[in-house]
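>>> For reference, the sequence and a predicted model appear below.
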Amino acid sequence: MIKIIITTLLSIFLITCAVVVFYWRDAGFDPSKQDLLLYLGLLPLGISALVLSPYLLWKFYHYKKNKALQQQLKKEQEQAATHDEYQDRQQAVELLSFQVFSTALQNAHGENATLFDKALENFSPNLDAQLVNAQGIALLAHRIEALDEALLEQFADEPMSDLQKRVMVLLAQQFNQHIESIYQIAEHLRQSALFYDRELAYAYRMHPAWINPDFKAEEVEIALTTAPEVPRLNRLNIHVVLAENMLHLWDEALSSEYLKNMMFELGVIQQQVQVEYHYWSAQNAYHKWIELVQQIQKNDFELSLLLVADSELDQDLLDDRLWSTQAYVPAEFAASCCIAPAHVQVLNLKAHKTLNVVLHQNNLAQQLKQLGLEQLPQYDLEEPCVVIADDITQVKTIQKVSKNFAETPIESYHFLYSRGSLGHSQNLATIYSFILGLQVSDDKCSLVYSSDEPTTQVIITAADQQHILSEDL
């Protein structure tokens, strides 16, 4: 706008001055000071004002119109924010409690509880000779070195891409971390089928893991009728969580077959195993994870094994990433947990942690009081017990975190920021943080918080710790 006005003024001034000066010269007119001021000053300004007035009126009209629209939009946003806050206050607080039978976590710097103990250390990436940028220079990466050996042993001949093989090994290793739990689950599933489901009972009688070579066919009916009564257990759900870039790369049929064969070897028939796949991004991972937890809570007589894996240590994938940044640091990790709603019973399997997911709770201090966790000796120690799953470099994130813990005995030195150990591979970083919270020692209470779900509080305690809930929860 300023450019147009200045250009117009200069143009009219030059044209007017040229016309007047040439006219005076041809007419032989000797102008006075008053004539110079009038014809070479005021006249160009008057003509410019006349020419620019329609444009200025048009700009003023649009300015007022846009200002009115902005004020209206701001008012609507304030009303919407007020409505959302009111809705949050109106929603009843909901406590979801889960038994945690086993959990595992692995990245380039360690695994399981050692990762929580070493989380305050500055995990630095190493130079990776197998990954290069466009100039052929080796990249920094968080690589799990042991994974390369496992690739050669397990999936070298499988018809999969290198990235698929890498993720598949991560999933397989996590599955093996839960063998003891799954073995007890398999035994319970078999006994439950023998007592509650005649069709599944016959299937188990034909299973190689349970066949008795001396068992006679006519004794089947007797065995079914004399099966001992056990708490009902219908199914084991295996949830495989991958980054969204694997959506069109992952072979679900092949991995499902592998997982079900592993379960079959442990004595579980395929009818009692269900495998589901989830593909999430950094923008929706934590929200989808909480939704999955809510879904698991509704599953009566079922357990869930959650397997999470992400790897960006693939040259083809990095070639695409390096178009946007030359300082990209890839990483890989795997995480898992075997959980069930608090009311589900499993024979000979004891939970070592209790996972409490509290929905629609804005007041963490009140929730800690209701759970009897407002005064713990660990609060007096300068040791981390709260995993923050957010990018703490954002000012708004810092404000949200501070607000959530404002009235609690938890201080900033209790916070543990975990995203740095995953470099730029952040698609499932919030899930990594969630599982990291499960790695704290059993004698401590831990919390996980993400501003992606600001009214969701995750509180993890030892399984044998008794909590007294208030009547209004």
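Here it is on my side, so go on.

>>> going forward, measure contacts and count neighbours with C-alpha atoms only.
Noted.

>>> Packing partners of the longest helix along the chain?
Counting by DSSP state H, the longest helix found in the chain is helix 43-90. In terms of contacts (3 or more CA pairs under 8 Å, 6 or more residues apart in numbering; DSSP states H and E), helix 43-90 is packed against helix 2-27.

>>> From Val230, how far out is His188?
8 Å (CA to CA, to the nearest Å).

>>> Lys298 now?
21 Å.

>>> before we move on, what about Ser181?
Note on Ser181: its distance to Val230, by CA to CA, is 18 Å.

>>> do the same with Gln399
50 Å.

>>> More neighbours: which of these two?
Val230 (17 against 12; other CA atoms under 10 Å).

>>> Dihedrals phi and psi, that one?
Torsion angles at Val230 (phi, psi; degrees, to the nearest 10) stand at phi -130, psi 160.

>>> That one: what's it in contact with?
Counting by CA atoms under 8 Å, 6 or more residues apart in numbering, Val230 touches 188, 191-192, 195.

>>> going on from the lowest-mean-pLDDT helix or strand in the chain, what's the next piece of helix or strand?
Of all the helices and strands that make up the chain, helix 220-225 has the lowest average by mean pLDDT, DSSP states H and E, namely a mean of 47. As assigned by DSSP states H and E, the chain's next helix or strand after helix 220-225 is strand 235-243.

>>> What pairs with that following strand, parallel or antiparallel?
strand 273-280 (parallel), strand 302-311 (parallel) (DSSP bridges).

>>> quick one, which of the ones you listed is nearest to Leu422?
Among the strands paired with strand 235-243, the nearest to Leu422 by CA to CA is strand 302-311 (9.8 Å).

>>> which stretches of the chain aren't confidently modelled?
1, 81-90, 152, 198, 201-227, 465-473 (pLDDT under 70).

>>> Outline the domain layout of it.
2-87, 96-351, 355-462 (automatic domain parsing).

>>> now the residue lying closest to Trp24 once chain neighbours are set aside: how far from Asn363?
Counting by CA to CA, 6 or more residues apart in numbering, Asp30 is the residue found nearest to Trp24 once chain neighbours are left out, at 7.3 Å. Look at Asp30 and Asn363: by CA to CA, they are 87 Å apart.

>>> When those two are compared, which one has more neighbours?
Asn363 (16 against 8).

>>> can I assume the more buried one is in contact with Ala406?
No: in this structure, Asn363 is not within contact of Ala406 by CA atoms under 8 Å, at 9.4 Å.

>>> Only whichever of the contacts of Val230 are buried, select them in PyMOL.
Buried subset of these, written as a PyMOL selection, criterion 16 or more other CA atoms under 10 Å:
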select buried, resi 188+191+192+195
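
>>> mind listing which of the contacts of Val230 are in strands?
Within those, no residue falls in strands by DSSP state E.

>>> and of the contacts of Val230, the nearest to Gln394?
His188 (47.9 Å).

>>> got the phi/psi numbers for the closest residue to that closest one other than its chain neighbours?
Setting aside the residues directly before and after it, His188 is nearest to Leu347 in space (CA to CA, 6+ apart), at 6.0 Å. Main-chain dihedrals, Leu347, degrees, to the nearest 10: phi -60, psi 130.

>>> Val329: neighbour count?
Neighbours of Val329 using other CA under 10 Å come to 21.

>>> Same check on Ala129?
Count around Ala129 with other CA under 10 Å applied: 12.

>>> May I have the helix or strand hosting it as CSV, with CA atoms only?
Assessed by DSSP H and E, Ala129 sits inside strand 126-132. Extracted in CSV, the C-alpha atoms of strand 126-132 (Å, rounded to 0.1, in the frame of the first residue of the first chain):
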residue,chain,number,x,y,z
ASN,A,126,27.3,-42.6,17.3
LEU,A,127,28.8,-42.3,13.9
ASP,A,128,27.0,-44.9,11.7
ALA,A,129,29.1,-46.1,8.8
GLN,A,130,26.1,-47.9,7.2
LEU,A,131,24.1,-44.6,6.8
VAL,A,132,25.3,-41.7,4.7
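
>>> Direction included, what does it pair up with?
Each strand paired with strand 126-132, and its direction, by DSSP bridges: strand 138-141 (antiparallel).

>>> what about dumping the CA coordinates of the partner strand to CSV?
Output of strand 138-141 as CSV, limited to C-alpha atoms (Å, rounded to 0.1, in the frame of the first residue of the first chain):
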residue,chain,number,x,y,z
ALA,A,138,28.4,-41.0,7.5
LEU,A,139,25.5,-40.0,9.7
LEU,A,140,25.0,-39.9,13.4
ALA,A,141,22.5,-42.5,14.6
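
>>> that older thread, among the strands paired with strand 235-243, which is the most enclosed?
strand 302-311 (a mean of 24; mean count of other CA atoms under 10 Å).

>>> What lies in contact with stretch 448-456?
286-287, 357-362, 386-390, 397, 400-401, 404, 430, 433-434, 437, 457-459.

>>> Need the distance between the two termini of it.
Terminal-residue distance, stretch 448-456 (CA to CA): 9 Å.

>>> same check, this time on stretch 441-457
Start-to-end, stretch 441-457 (CA to CA) is 20 Å.

>>> Enumerate the positions of it that are buried.
Applying 16+ other CA under 10 Å to stretch 441-457 flags 441-442, 445-452, 454-457 as buried.

>>> chain center to that stretch: distance?
Offset of stretch 441-457 from its chain centre (CA atoms, centre = their mean, to the nearest Å): 14 Å.

>>> swap in stretch 357-368?
20 Å.

>>> do the same with stretch 444-463
That offset, for stretch 444-463, works out to 14 Å (CA atoms, centre = their mean).

>>> Equivalent analysis for stretch 316-331, please.
With CA atoms, centre = their mean, you get 20 Å for stretch 316-331.

>>> do the same with stretch 375-394
19 Å.

>>> Only alpha carbons, please: show it as CSV.
Taking Å, rounded to 0.1, in the frame of the first residue of the first chain, the C-alpha atoms of stretch 375-394 are listed here in CSV:
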residue,chain,number,x,y,z
GLN,A,375,2.8,-37.8,50.8
LEU,A,376,5.6,-40.2,49.8
PRO,A,377,9.2,-40.3,50.9
GLN,A,378,10.3,-40.2,47.3
TYR,A,379,9.1,-36.6,46.9
ASP,A,380,11.9,-35.6,49.4
LEU,A,381,14.5,-37.0,47.1
GLU,A,382,16.0,-35.3,44.1
GLU,A,383,15.4,-38.3,41.9
PRO,A,384,13.2,-38.5,38.8
CYS,A,385,9.8,-40.2,39.1
VAL,A,386,7.8,-38.3,36.5
VAL,A,387,8.3,-39.0,32.8
ILE,A,388,7.4,-36.0,30.6
ALA,A,389,6.5,-37.2,27.1
ASP,A,390,6.6,-33.8,25.5
ASP,A,391,9.0,-31.6,23.6
ILE,A,392,10.0,-29.4,26.5
THR,A,393,11.6,-26.7,24.2
GLN,A,394,8.1,-25.3,23.5
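
>>> That stretch: which residues count as buried?
Quick answer for stretch 375-394 (16+ other CA under 10 Å): 378-379, 384-391.

>>> Thank you, goodbye.
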